[in-house]
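Asks: Could you look at this predicted model? Sequence included:
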Amino acid sequence: MDLQKPSAGPPARPGHEPAEPRGEGCLTVAVRLPVRIVVLVLVVPVRMVWDVLVAGGRLLRDAVLRPAGRALARLAWAVLVWPARTLWRYVVVPLAKALGRTAYVLLVAPAVWLYRHVLTPLGHGIGWLARGAAAGLIRLYRTVLTPVGHGIAWLARGIALVLAAAGAGIWAVVARLVRYLAVVPARWLYEWVLAPVGRGIAWLARGLVRLVRTVFLGVGAAIYWTLRVLLVLPALALWRWVLAPVGRALAVVGREIGAALSHAWRVAGYVSRAVGRFLGRLFRWLFVEPVRWMYRTVLTPVGHVVRDVLLRPAAEAARAVGRTVRQALAAARESVRQTRADIRRALFGEPRAARPVARRKTGSSEARTLERSRTALTKD
């Protein structure tokens, strides 16, 4: 009996027959169902606790951490960013511009003037003097030093030819003496004494090496077979007949435990979701729906009655009182204004009337035209 549906494999390619499912051993079938039952019983509480923690974490994140983070961000903006931005914009930048302008006026402009009006002419003068000195040195080299160097080189070549001829004769005499006094005796000594002695020593060394090699090969073979019989064969038998079967059994048990954990985790998720929905509906039936019914059927009509019977008449009365108070205040202000005008009139008298300004009138009622104008351009 398998609690997990077999997963659908990849579609078979054309021209290839699907492989038959591999048969499972009796150990796998015997271990699978008990292990899955035990793991399901153990995993369901863990999954439910995990789902509760996840839901609580999401609620904490949405209801507490995000608003707190936004409030802290706004507080940080108000306490840190905005003052720093204001300080940068209205203090540091103007101060830096002022310092830059001052540095330009005090340092850059004098340095440019000094370079342009002092150092540049001085450098041009020094360059002209250096060019004149270089031209004089070149002329001295061409007219004096070059002929003297050519003469010295001709004398050196002559002396070198004389010394080379003398050295060639001396070298020929020395080479002949070395050949007959050292090379010929050394060659005879090597061919008739050293070579036979070296061949004998090499033959003895080869024989000794063969003997030592034979001894070491025998000892190595004895040690190899001793270790193979005493260690390798028992270890191989232990691995083949004990450790490998136990490992396969443990692998089957571990694979089944892993599959059981995965299956139990999914089943526990379904159970936890069902329990959560049941608790949600129970909370809704016990708390939300009664509160909703109370709000709709009791509080809303009572609120409408209170609004229509108490609040609206109270608001109308308050508005009427406000209008009466505003009218009384307007009348009081007008009375105060009239009283001040009467006091000013009694103390300083009536204000002077404005004199009418005499406007210039034209001689005729007709409009002025070019023919009637008396400008300098139109006078006769």
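Replies: Sure thing, it's come through. Numbers count the residues shown, from 1 in each chain.

Asks: going forward, measure contacts and count neighbours with C-alpha atoms only.
Replies: Noted.

Asks: tally of neighbours for Leu40?
Replies: By other Cα atoms under 10 Å, 20 other residues sit near Leu40.

Asks: Can you tell me, leaving aside adjacent residues, what's nearest to it?
Replies: Leaving out its chain neighbours, the residue that sits closest to Leu40 by Cα to Cα, 6 or more residues apart in numbering is Ala264, at 4.7 Å.

Asks: tell me which element the one you found is part of?
Replies: helix 244-283 (DSSP states H and E).

Asks: rewinding a little: who touches the residue nearest to Leu40 in this structure?
Replies: 36, 39-40, 43-44 (Cα atoms under 8 Å, 6 or more residues apart in numbering).

Asks: returning to what we had before: which positions in the helix holding Ala264 come out as buried?
Replies: For helix 244-283, burial by neighbour count (16 or more other Cα atoms under 10 Å) applies to 252-253, 256-257, 259-269, 271-272.

Asks: Closest to the mean position in this protein, which residue would that be?
Replies: Centroid-nearest residue in the chain, with Cα atoms, centre = their mean: Ala73, separated by 21.5 Å.

Asks: how much space between Ala63 and Val91?
Replies: With distances taken as Cα to Cα, to the nearest Å, Ala63 is found 40 Å from Val91.

Asks: same thing with His150?
Replies: 77 Å.

Asks: give me the element Thr324 is part of.
Replies: Going by DSSP H and E, Thr324 is in helix 312-348.

Asks: Now do that helix: distance to the chain's middle.
Replies: The chain centroid and the centroid of helix 312-348 are separated by 70 Å under Cα atoms, centre = their mean, to the nearest Å.

Asks: Please name every helix or strand in contact with that helix.
Replies: Packing contacts for helix 312-348, counted by 3 or more Cα pairs under 8 Å, 6 or more residues apart in numbering; DSSP states H and E, involve no helix or strand.

Asks: and after the worst-scoring helix or strand of the chain on mean pLDDT, which helix or strand comes next?
Replies: When each helix and strand of the chain is scored by mean pLDDT, DSSP states H and E, helix 26-60 comes last, with a mean of 76. The helix or strand immediately downstream of helix 26-60 is helix 66-76, counting by DSSP H and E.

Asks: got the angle for that next one vs helix 26-60?
Replies: 50 degrees (axes from the mean of the first three to the mean of the last three Cα atoms, to 10 degrees).

Asks: average pLDDT across helix 66-76?
Replies: Averaged over helix 66-76, pLDDT sits at 91.

Asks: Show me what secondary structure element comes after that helix.
Replies: helix 82-87.

Asks: Extract the C-alpha trace of that following helix and format it as CSV.
Replies: This file holds the C-alpha atoms of helix 82-87, laid out as CSV (Å, rounded to 0.1, in the frame of the first residue of the first chain):
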residue,chain,number,x,y,z
TRP,A,82,16.5,66.8,5.6
PRO,A,83,18.9,68.8,7.9
ALA,A,84,21.9,67.4,6.1
ARG,A,85,20.4,68.3,2.7
THR,A,86,19.5,71.8,4.0
LEU,A,87,22.9,72.3,5.5
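
Asks: Show me what that helix is in contact with.
Replies: Under Cα under 8 Å, 6+ apart, the answer for helix 82-87 is an empty list.

Asks: Show me which residues of it are buried.
Replies: Within helix 82-87, no residue is scored as buried using 16+ other Cα under 10 Å.

Asks: Just the mean pLDDT for it, thanks.
Replies: On average, helix 82-87 scores 90.

Asks: related to what we said a few turns ago, just checking, what packs against the least confident helix or strand of the chain?
Replies: So helix 26-60, by 3+ Cα pairs under 8 Å, 6+ apart, packs with helix 244-283.

Asks: What angle do helix 26-60 and the helix it packs on make with each other?
Replies: 40 degrees.

Asks: ok, then the element right after helix 244-283?
Replies: Defined by DSSP H and E, the subsequent element after helix 244-283 is helix 289-294.
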